[in-house]
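Engineer: build me a structure from this.
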Amino acid sequence: MASNPPASNLDLINECDSFPHPTTSPQAYHAYTTTLYHLRVAAHPETTLGYILPDVAAVLHNLPDWEVDDESIPRTITLISGSNEAARSDVVARTTEAMRMTGHFKVLEKWRNELYPVYGPPSGASKKKELLFSMERCAAPLFGIVTYGVHLTAYTRTTGADGKDEYKIWVPRRARTKQTYGGMLDNTVAGGTATGEGFFESLVRECDEEASLPEELVRSKAKQCGTVTYFYIRNATAGGETGLFQPECQNVYDLELPSDGSVVPKPNDDEVEEFYHWSVSEVREALGKREFKPNCALVILDFLIRHGLITVEDERDYLEITTRLHRRLEFPLA
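Structural biologist: Numbering: from 1, shown residues only. Model (predicted):
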């Protein structure tokens with residue numbers, strides 16, 4: 001029996017950034033988005049904050065804090081209660097808790113008690129983004145809001161016999177008991193960033209929790225290297241309902257560790273089984289086998305491109321890949 005061919009780098013992009021693009025696939029984008037509801041708040045009635053499937057919209061019908069418009073183009077679901085962030089967040093909390101109690105949505109079974117921020121458009125002279133409300137993490141895909149996280153790649157670098165840098169990357173395997181992407185490969189450190197938490201402080205916390213990396217080392221040596229953005233349509237490996245929306249912005253960091261083995265990532269919680277110290281060829285082989293969690297594959301590709309380990313000479317889809325790693329999301333960002 002023939003085995004499946006290895007996934008190309010562009011395959012990995014397409015599998016994670018799977019929502020149709022408005023510029024490159026305008027017909028597919030239009031056909032898809034016209035079936036969805038646009039999430040809005042009364043304070044910004046023209047600004048879409050996320051996309052909601054009709055099955056989810058049906059649950060919000062006739063709730064006093066929400067106005068569902070089935071006739072307009074686009075169809076909308078507007079949070080009409082609450083004049084400030086705290087009041088809106090309270091309404092959203094009561095709504096999502098009620099949805100959880102019905103047991104209708106499997107994705108809500110993974111309740112985290114973590115709040116994710118939802119921002120509005122820039123306003124005022126400072127053009128500062130307004131925090132409109134916060135939402136329970138596991139409910140985010142039901143409302144299609146943008147979520148944020150931090151992903152760090154720890155690596156070592158030595159000089160080969162040919163005088164060129166040789167990289168090895170620390171790759172963890174997720175615990176097989178995890179409800180989402182159990183047993184898949186991950187970035188060295190990765191996690192979501194909650195409301196009120198700075199990205200770098202989130203990174204420092206995750207480095208300790210997931211990889212036992214010393215705080216002083218992380219604070220002094222971790223380097224921010226931009227972002228990776230994509231619009232994922234969740235499949236069965238994500239857990240819960242399929243077809244839910246996950247537009248995300250990941251803040252990407254690099255951390256070069258000593259090549260003498262004096263600092264080694266180690267599991268510090270039950271989320272990671274073990275760490276591998278892999279050559280670039282081993283990492284690329286695992287990418288081709290689709291062993292990485294989808295968004296983590298994109299962060300690895302970004303790392304390989306930034307360090308000249310994937311180049312325009314050896315990757316025929318280089319331009320599309322580098323562009324797609326930084327998708328322009330159609331919702332307000334932090």
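
Engineer: which helix or strand contains the residue nearest in space to the middle of the chain?
Structural biologist: The centroid of the chain falls nearest to E248 when counting by CA atoms, centre = their mean (4.0 Å). Taking DSSP states H and E as the definition, E248 sits inside strand 245-256.

Engineer: immediately after that strand, which helix or strand?
Structural biologist: strand 272-279.

Engineer: give the rounded mean pLDDT of the following helix or strand past that following strand.
Structural biologist: The first helix or strand that comes after strand 272-279 along the chain, using DSSP H and E, is helix 280-288. Here helix 280-288 scores 98 as its mean pLDDT.

Engineer: check which helices and strands helix 280-288 sits against.
Structural biologist: Contacting helix 280-288 under the criterion 3 or more CB pairs under 8 Å, 6 or more residues apart in numbering; DSSP states H and E are the following elements: strand 165-174, helix 294-306. Every residue, glycine included, has its C-beta placed from N, CA and C.

Engineer: centre of the chain to the longest one, how far?
Structural biologist: Mean C-alpha position of helix 294-306 versus that of the full chain (CA atoms, centre = their mean, to the nearest Å) differs by 13 Å.

Engineer: next: stretch 295-312.
Structural biologist: Distance of stretch 295-312 from its chain centroid, counting by CA atoms, centre = their mean, is 16 Å.

Engineer: for the residue nearest to the centre of the chain, which non-adjacent residue is spatially closest?
Structural biologist: Nearest residue to E248, sequence neighbours excluded (CB to CB, 6 or more residues apart in numbering): T147, at 5.2 Å.

Engineer: any low-confidence regions in the stretch 1-150 of the chain?
Structural biologist: 1-3, 124-126 (pLDDT under 70).

Engineer: one more pass at 90, please.
Structural biologist: Applying pLDDT under 90 to the stretch 1-150 of the chain picks out residues 1-5, 23-24, 62, 110, 122-129.

Engineer: can you tell me which residues contact the residue nearest to the centre of the chain?
Structural biologist: By CB atoms under 8 Å, 6 or more residues apart in numbering, the residues touching E248 are V146, T147, Y148, G149, T229, Y230, F231, Y232, N295.

Engineer: what score does the nearest residue to C207 once chain neighbours are set aside have for pLDDT?
Structural biologist: Using CB to CB, 6+ apart and skipping residues adjacent in sequence, the residue nearest C207 is L213, 4.1 Å away. We have a pLDDT of 97 for L213.

Engineer: any idea how far L255 is from L213?
Structural biologist: Distance of L213 to L255, computed by CB to CB, to the nearest Å: 7 Å.

Engineer: for the lengthiest helix in the chain, the distance to its chain's centre please.
Structural biologist: In the chain, taking DSSP state H as the definition, the longest helix is helix 85-102. Here helix 85-102 is found 23 Å from its chain centre; the criterion is CA atoms, centre = their mean.

Engineer: got the buried residues for it?
Structural biologist: In terms of neighbour count (16 or more other CB atoms under 10 Å), helix 85-102 has its buried residues at E85, R88, S89, V91, V92, A93, T95, T96, M99, R100.

Engineer: quick one: contacts for the last one?
Structural biologist: Right, the one you point to is R100. L108, W111, A139.

Engineer: what about those residues, which are in helices?
Structural biologist: If you go by DSSP H, these have nothing in helices.

Engineer: which among these end up buried?
Structural biologist: The neighbour count (16+ other CB under 10 Å) marks L108, A139 as buried among the contacts of R100.

Engineer: looking at the contacts of R100, spot the one nearest E241.
Structural biologist: For the contacts of R100, the residue nearest E241 by CB to CB is L108; the value is 9.7 Å.

Engineer: what sits closest to that closest one if chain neighbours are left out?
Structural biologist: R100 is the one closest to L108 (CB to CB, 6+ apart), at 4.3 Å.

Engineer: what separation do you get for the one you found and L287?
Structural biologist: Note on R100: its distance to L287, by CB to CB, is 36 Å.
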